[in-house]
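# Predicted model, plus sequence, below.
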Amino acid sequence: MTVLIDTNIWLYALNAEAPQHRKARAFIEKLRAGSGLCVAWPVLYEWLRVVTHPRVLPHPLEPSLAVEFVAQLVGDSRIDLLAETPRHFSVLSELLADTPPLRGNLYHDAHIAALMLENGVVRIATADRHFRLFRHLEVVDPTE
């Protein structure tokens, strides 16, 4: 089964100082050894925003290193890259009709959920509990 890796799991997997590092990294490595791993552009952009931000991380990555990491993910034939299709707004509309009213930053999560559903992916690896709002998704937290 294909699993989308959310931003926080990528962050934990790459930050050896994070308490969740070992579990997140092992989870991703297991998926990369087989098939069924995917990412989405909103996740990649959010990851870039976080890892290069000096107010978020005490030792942010140099932008060139962060972009190189994204290039490696995008170029890895074992990783599917989810993108919007012509059905995106229709899928998003159905998702929002079936979800409690959202506000603010939760629309970012709705965008990711809609991308997943329109591409046939229902499983997400994340430590973000907000994804549980979308009843059609299976949420897995590999750090627990």
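Looks like it came in fine. Values in this document were obtained by computation on a predicted structure and should not be read as measured data.
# What's opposite residue 139 in the beta bridge?
On the basis of DSSP bridges, residue 139 is bridged to residue 124.
# How confident was the prediction at it?
At residue 139, the model reports a pLDDT of 98.
# quick one, what contacts it?
Residues near residue 139 by C-beta atoms under 8 Å, 6 or more residues apart in numbering: 124, 126, 129, 131-132. Yep, even glycine has a C-beta here, placed from its N, CA and C like the rest.
# Quick check: the two most widely separated of those?
Using C-beta to C-beta, the contacts of residue 139 reach their maximum pairwise distance at 124 and 129, which is 11.5 Å.
# okay, those two: which has more neighbours?
residue 124 (26 against 9; other C-beta atoms under 10 Å).
# Was I right to think the more buried one contacts residue 116?
Yes - counting by C-beta atoms under 8 Å, residue 124 touches residue 116, with 6.6 Å between them.
# shared neighbours of those two, anything?
4, 137.
# which SSE is residue 4 in?
strand 3-5 (DSSP states H and E).
# Next, residue 80: secondary structure please.
The three-state assignment at residue 80 reads strand, by DSSP: H, G, I helix; E, B strand; the rest coil.
# For burial, what's the neighbour tally of the nearest residue to it once chain neighbours are set aside?
Closest residue in space to residue 80, ignoring its immediate chain neighbours: residue 38 at 3.9 Å, by C-beta to C-beta, 6 or more residues apart in numbering. Using other C-beta under 10 Å, residue 38 has 22 neighbouring residues.
# next helix or strand past the helix or strand harbouring residue 38?
Assigned by DSSP H and E, residue 38 falls within strand 37-40. Going down the chain from strand 37-40, the next helix or strand is helix 41-51, by DSSP H and E.
# Brilliant, that's me finished.
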